[in-house]
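In: Here is a sequence together with a model predicted from it:
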Amino acid sequence: MRILIYSYNYYPEPIGIAPLMTELAEGLVARGHEIRVVTGMPNYPQRKIYPDYQGKLYCTEERNGVVIQRSSVWIRPQPGLISRMLLDGSFVLTSLLQALRGWQPDVILLTVPPLPIAVPATLLGWFYACPVVLNLQDILPEAAVHVGLIKNKHAIKVFEALEKFAYRSAHTISVITEGFTENLVGKGVAIEKIRCIPNWVDVKFIRPLSKAQNPFRQIHALQDKFVVMYSGNIALTQGLQTVIETAAKLRHLSDIVFVIVGEAKALDDLWQVCREHQVENVLLLPFQPREKLPEMLAAADVGLVMQKKNVVAFNMPSKIQVLLASGRPIVASVPMNGTAANAVRQSGGGIVVEPESADRLAEAIVELHADPAKVAAIGEQGRRYAIQHYSAEQALNRYEKLFYEVASAGVSTKSGATLPSENALPDAVPIE
């Protein structure tokens, strides 16, 4: 098949949806499909165009058989509603031209967020007379409104209209958890239109490694330490201050060290919090090269998943699958009845504690610190669960089956494409 993946994030960005879409695209190529990816110039998580791509309006490259078509985006280091809208709008405009340069696809896979790219992807579906599969990595604007990222009532109305448009115009919607399915059905989306395909992890790449001769431990003088690690995005929804407060409570246990790996600017902010709490048992490190990720994860005794209380219940961090595959137990400080908590409990690969509670987080860490056998057993169970439920091969099978299914059904035949009915168009939104 010829499959067009429309994804704002892609290689070489190291975290989030980029590694997943890269693995999906390259995995499909390995199975004999033709793949081209329409994406932006890489900028995440620094929110700055990577040096090799600065000053370019468009560029096309090939990596591991995937044709990657990049377009320039308007990006600023400081996130905000206006800057986010300008970023999304610039990608909508510049990416459409790139998407029209190339062969006609049999299927378009669109990843959301960002939500506004549902518009050019839908136009491409009409133009090419091919179905669009909407892959939901988050439910917007609901998730952003819930944590206070979007407060302007007019902006909320615009995004809600875009959300309805995206759901109506997509042939099929793939979601990453059943919590997403319940949310969409509650909004009137037909259950027959939804497929649940969890995010995945390359269990051959992310794997348990020995701590004894671990270079990451040696470089950072962690050989004799009990390492509690958080690695990933550091934003409003994570609440990493709780980790610093927990470190302060456990400063009397000299062999426990907290390692936080993230984007440089976010680490600067956390450094100020460390100074306020006068902690010396926290190590702040920048993102490591992706090829070093298995080694870095293996340096930990415990991996952290952090969410604040106000995170929507359906949110599912993709780092859960990665930590399970690494063979290290998870301590998840997340809403107790949310999707993330349920995923950790079902896996048997971790402990769930109340979010934003340094006391509960400290208790869980001390419990594992005191019981090496339990640490090993939980880690082994998590690894088994990741292989059984989250392997990249299983995800490839599911997506490949889905693409064949929607291509054979189609929105319409190639020879008789039809324009959408007016019910597929977004609702009018008055701007006052």
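Out: That came through, no problem. Numbers count the residues shown, from 1 in each chain.
In: strands paired with the host helix or strand of residue 230, and their directions?
Out: If you go by DSSP states H and E, residue 230 is part of strand 226-231. Looking at strand 226-231 with DSSP bridges, its partner strands are strand 256-262 (parallel), strand 302-306 (parallel).
In: Pull the CA coordinates from it and hand them back as PDB.
Out: The C-alpha atoms that make up strand 226-231 are tabulated as PDB, following Å, rounded to 0.1, in the frame of the first residue of the first chain:
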ATOM      1  CA  PHE A 226      19.200   3.300  44.600                       C
ATOM      2  CA  VAL A 227      18.200   5.400  41.500                       C
ATOM      3  CA  VAL A 228      14.700   6.800  41.200                       C
ATOM      4  CA  MET A 229      14.400   8.200  37.700                       C
ATOM      5  CA  TYR A 230      12.000  10.500  35.800                       C
ATOM      6  CA  SER A 231      12.700  11.000  32.100                       C
END
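In: and residue 127, what does it touch?
Out: Residues near residue 127 by C-beta atoms under 8 Å, 6 or more residues apart in numbering: residue 100. For every residue, glycine as well, the C-beta is placed using N, CA and C.
In: Surely residue 329 touches residue 351?
Out: Yes: counting by C-beta atoms under 8 Å, residue 329 touches residue 351, with 7.2 Å between them.
In: next SSE after the strand holding residue 230?
Out: Counting by DSSP H and E, what follows strand 226-231 is helix 241-249.
In: Run through the neighbouring helices and strands of that next one.
Out: strand 256-262, helix 264-277, strand 282-286, strand 302-306, helix 358-369 (3 or more C-beta pairs under 8 Å, 6 or more residues apart in numbering; DSSP states H and E).
In: tell me the secondary structure for residue 378?
Out: helix (DSSP: H, G, I helix; E, B strand; the rest coil).
In: and the closest residue to it other than its chain neighbours, how far is that from residue 377?
Out: In space, and not counting its chain neighbours, residue 378 is closest to residue 329: 3.8 Å by C-beta to C-beta, 6 or more residues apart in numbering. Per C-beta to C-beta, to the nearest Å, residue 329 is found 9 Å from residue 377.
In: Which secondary structure state is assigned to residue 26?
Out: Assignment for residue 26 (three-state DSSP): helix.
In: So what's the residue count around it?
Out: 17 (other C-beta atoms under 10 Å).
In: got a list of what it touches?
Out: 35, 63, 64, 65, 66 are the contacts of residue 26 under C-beta under 8 Å, 6+ apart.
In: in the stretch 51-200 of the chain, which spans are strands?
Out: 58-63, 66-71, 107-112, 132-136, 172-175, 194-196 (DSSP state E, counting those that start in this stretch).
In: Please render the ones you listed as a markdown table that adds distance to residue 143, mean neighbour count and mean pLDDT to the earlier fields.
Out: Formatted as a markdown table, these follow (distance: least, C-beta to C-beta, whole Å; neighbours: other C-beta atoms under 10 Å; pLDDT from 0 to 100):
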| stretch | distance to residue 143 | mean neighbour count | mean pLDDT |
| --- | --- | --- | --- |
| strand 58-63 | 31 | 13 | 97 |
| strand 66-71 | 26 | 21 | 98 |
| strand 107-112 | 11 | 26 | 96 |
| strand 132-136 | 11 | 26 | 97 |
| strand 172-175 | 13 | 22 | 97 |
| strand 194-196 | 18 | 17 | 97 |
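In: Of those, which is nearest residue 41?
Out: strand 66-71 (5.4 Å; C-beta to C-beta).
In: Can you list the neighbours in contact with the closest one?
Out: Contacts for strand 66-71 (C-beta under 8 Å, 6+ apart): 10-11, 22, 25-26, 29, 35-42, 53, 56-62, 91, 94-95, 97-99, 101-102.
In: Sort out which of these are buried, if you could.
Out: Taking 16 or more other C-beta atoms under 10 Å as the criterion, what is buried in those is 10-11, 22, 25-26, 29, 35-42, 53, 91, 94-95, 98-99.
In: Can you tell me what sits against the longest helix seen in the chain?
Out: Identified as the longest helix of the chain according to DSSP state H is helix 81-100. With contacts defined as C-beta under 8 Å, 6+ apart, helix 81-100 is touched by 4, 6, 8, 38-40, 57-58, 60, 69-76, 114-117, 119-120, 123-124, 127, 149-152, 155.
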